[in-house]
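Chemist: whatever this is, show me its structure:
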Amino acid sequence: MKWFPRENYLKKIRDFYYAADIIKVITGVRRCGKSCLMETIADKLKKGGVPEENIHFFDLDKKDYNKITDADQLEQLIQSVPNAQGTKYLFVDEVQNVKGFEIVLNGFRETGEWSIFITGSNSYLLSGELMTKLTGRYIEFEMFPLTFEEYEEMKKFYGREIAADRQEELQNYIFEGGFPRTILLDTIAAKRRYVQSVIHEIYEKDIHRRLKIRNKSSFDIVQTYIINNFGATTSLKSLKKAIEQAGTPVSEATVARYIKALLDAKILYECPRFDMKSKKSLSGEKKYYLADLSFYFVQNTDNRINYDPVLENITYVYARSHDYSISVGRIGKLECDFILRNNEMQYSYVQVSYTIALSKETEDREYCPLEAIKDNYPKYVATMDTLLQRRNGIAHINLVDFMRNGKEF
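Modeler: Numbering: from 1, shown residues only. Sure, this is the predicted structure:
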């Protein structure tokens, strides 16, 4: 099968294709496209002149290799490949299945004969021993499910129909989600069944297997509550209180443990809050966004869209996929939806709302936090409005058009 090239990620990794001294680590929630990205890289290497016998691909989740669970077995597998002239290229999918993989891969890296690419579906991959054994010798590339512009590009790539109306196409993206496999499914029912299977796989392989959750119903309540309240300011105390009001006694420590499991499995992303006057992070209250909106819609039969948090979530994933660090800003009693910082340490500020056309009060609510920020970094009000304006140098953008064009803040 011809894979859709995720150019947003390929361009980040391209400079490291031939680097034998650095392990390339691709992370992201399960089924977001990590394996296909590695296969695309392998294909690019072949087209660039690398002999096929120099490229070796092992998916440790598949039947042929899923019994490889310890370092010795992994080492024997890699050593079993035929010898070849020049640099060899090793691709290992779901490497966290192997206990002690760090020592093995570092040993092959030290030979200078291997350019190594690995994937993992949870944060355990970059914790503990990997950090200490491979410090300065690996680089992480974090993948997300399809952003809106990738969703449309992938539909074009596979000849799938795209709605002419931009609002309708955005709704399709919101309801269907951004898992690449769903693009090839024909009905919304099939797409949701697929996402449900992804959620089950994540729970079994990335949460239950490692956390040994004794009370799954309690975990499900916490998971459902926080997924249903994505984009809302949340603290452990308020979470505990809301869950107990629903009739389930739970400790703050248990809530924190369950949230960490969801973060480690990359179902959720945590967005810290930052006080712009004191220049300090605010402890306690945070916002959580979903790796993909389909996690919300497969758990809820109500298909009404609360656009403000949905558009916030879409903006968050879009910005993260473009390598921005993100926090929520507080300016006195006002709040800025997102403070973005790029790799060149340049800042930008974004307010997200479905529309500011309803009233002067609505417009002021979005512009005032940005007007209170006294610096010269770019400021944006992102909406679905088609009639755009400027106010005090703040750019009013249509979010769909902005994303369709792959623009950066």
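Chemist: for the nearest residue to D264 once chain neighbours are set aside, list the residues it contacts.
Modeler: Leaving aside its chain neighbours, D264 sits nearest to S123 (4.1 Å; criterion: C-beta to C-beta, 6 or more residues apart in numbering). All C-beta spots, glycine's among them, are computed from the backbone N, C-alpha and C. By C-beta atoms under 8 Å, 6 or more residues apart in numbering, the contact list for S123 reads T27, L263, D264, A265, K266.
Chemist: whichever of these end up buried, select them in PyMOL.
Modeler: In PyMOL, this line selects whichever of these come out buried by 16 or more other C-beta atoms under 10 Å:
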select buried, resi 27+264+265+266
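Chemist: in helices, which of the contacts of S123 appear?
Modeler: Per DSSP state H, helices hold the following members of the contacts of S123: L263, D264.
Chemist: N172: which of the contacts of S123 is nearest?
Modeler: K266 (23.8 Å; C-beta to C-beta).
Chemist: the closest one contacts A291, correct?
Modeler: Yes. Between K266 and A291 there is a contact under C-beta atoms under 8 Å: 5.5 Å.
Chemist: can you list the domain ranges for this structure.
Modeler: As assigned by automatic domain parsing, the chain contains the domains 7-142, 146-409.
Chemist: got the CA positions of stretch 284-299 in PDB?
Modeler: Only the C-alpha atoms of stretch 284-299 are listed here, as PDB (Å, rounded to 0.1, in the frame of the first residue of the first chain):
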ATOM      1  CA  GLY A 284      -2.900  23.100  41.100                       C
ATOM      2  CA  GLU A 285      -5.100  24.200  38.200                       C
ATOM      3  CA  LYS A 286      -4.400  22.900  34.700                       C
ATOM      4  CA  LYS A 287      -6.200  22.300  31.500                       C
ATOM      5  CA  TYR A 288      -6.300  18.900  29.700                       C
ATOM      6  CA  TYR A 289      -6.700  18.400  26.000                       C
ATOM      7  CA  LEU A 290      -7.300  15.200  24.000                       C
ATOM      8  CA  ALA A 291      -4.900  13.700  21.600                       C
ATOM      9  CA  ASP A 292      -7.900  13.200  19.400                       C
ATOM     10  CA  LEU A 293     -11.500  14.500  19.700                       C
ATOM     11  CA  SER A 294     -12.800  11.000  18.700                       C
ATOM     12  CA  PHE A 295     -12.000   9.900  22.200                       C
ATOM     13  CA  TYR A 296     -14.800  12.200  23.400                       C
ATOM     14  CA  PHE A 297     -17.400  11.500  20.600                       C
ATOM     15  CA  VAL A 298     -17.100   7.700  20.900                       C
ATOM     16  CA  GLN A 299     -18.000   7.900  24.600                       C
END
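Chemist: any idea of the mean pLDDT in that stretch?
Modeler: In this model, stretch 284-299 has an average pLDDT of 92.
Chemist: ranking helices and strands of the protein by mean pLDDT, which lands last?
Modeler: The weakest-scoring helix or strand in the chain, judged by mean pLDDT, DSSP states H and E, is helix 129-133 (a mean of 62).
Chemist: now whatever helix or strand comes next after that helix: buried residues?
Modeler: Where DSSP states H and E defines the elements, the next helix or strand beyond helix 129-133 is strand 138-142. By 16+ other C-beta under 10 Å, the buried positions in strand 138-142 come out as Y138, F141, E142.
Chemist: tell me which stretches of the stretch 201-350 of the chain form helices.
Modeler: 209-211, 216-228, 236-245, 252-264, 294-297, 307-321 (DSSP state H, counting those that start in this stretch).
Chemist: what does the stretch 1-150 of the chain give?
Modeler: Using DSSP H, counting those that start in this stretch, helices in the stretch 1-150 of the chain cover 7-13, 34-47, 71-79, 101-110, 129-133, 148-157.
Chemist: considering those, which stretch scores lowest in mean pLDDT?
Modeler: It's helix 129-133: among the helices of the stretch 1-150 of the chain, that one has the lowest mean pLDDT, namely a mean of 62.
Chemist: the helices of the stretch 1-150 of the chain: which one's closest to E408?
Modeler: The minimum distance between E408 and the helices of the stretch 1-150 of the chain falls on helix 7-13, with 10.8 Å, by C-beta to C-beta.
Chemist: convert stretch 95-115 to PDB, retaining C-alpha atoms only.
Modeler: The C-alpha trace of stretch 95-115 is given here as PDB (Å, rounded to 0.1, in the frame of the first residue of the first chain):
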ATOM      1  CA  VAL A  95      10.200  -1.100  21.300                       C
ATOM      2  CA  GLN A  96       8.900  -0.600  24.900                       C
ATOM      3  CA  ASN A  97       7.700  -4.200  24.700                       C
ATOM      4  CA  VAL A  98      11.300  -5.300  25.400                       C
ATOM      5  CA  LYS A  99      12.700  -4.900  28.900                       C
ATOM      6  CA  GLY A 100      16.200  -3.500  28.700                       C
ATOM      7  CA  PHE A 101      16.000  -2.500  25.100                       C
ATOM      8  CA  GLU A 102      18.100   0.700  25.900                       C
ATOM      9  CA  ILE A 103      21.300  -1.300  26.500                       C
ATOM     10  CA  VAL A 104      20.900  -3.300  23.300                       C
ATOM     11  CA  LEU A 105      20.200  -0.300  21.100                       C
ATOM     12  CA  ASN A 106      22.900   1.800  22.600                       C
ATOM     13  CA  GLY A 107      25.400  -1.000  22.000                       C
ATOM     14  CA  PHE A 108      24.500  -1.100  18.300                       C
ATOM     15  CA  ARG A 109      24.600   2.700  18.100                       C
ATOM     16  CA  GLU A 110      28.100   2.700  19.500                       C
ATOM     17  CA  THR A 111      29.400   0.600  16.600                       C
ATOM     18  CA  GLY A 112      28.700   3.500  14.200                       C
ATOM     19  CA  GLU A 113      27.300   1.000  11.700                       C
ATOM     20  CA  TRP A 114      23.500   1.500  12.400                       C
ATOM     21  CA  SER A 115      21.100   4.300  11.900                       C
END
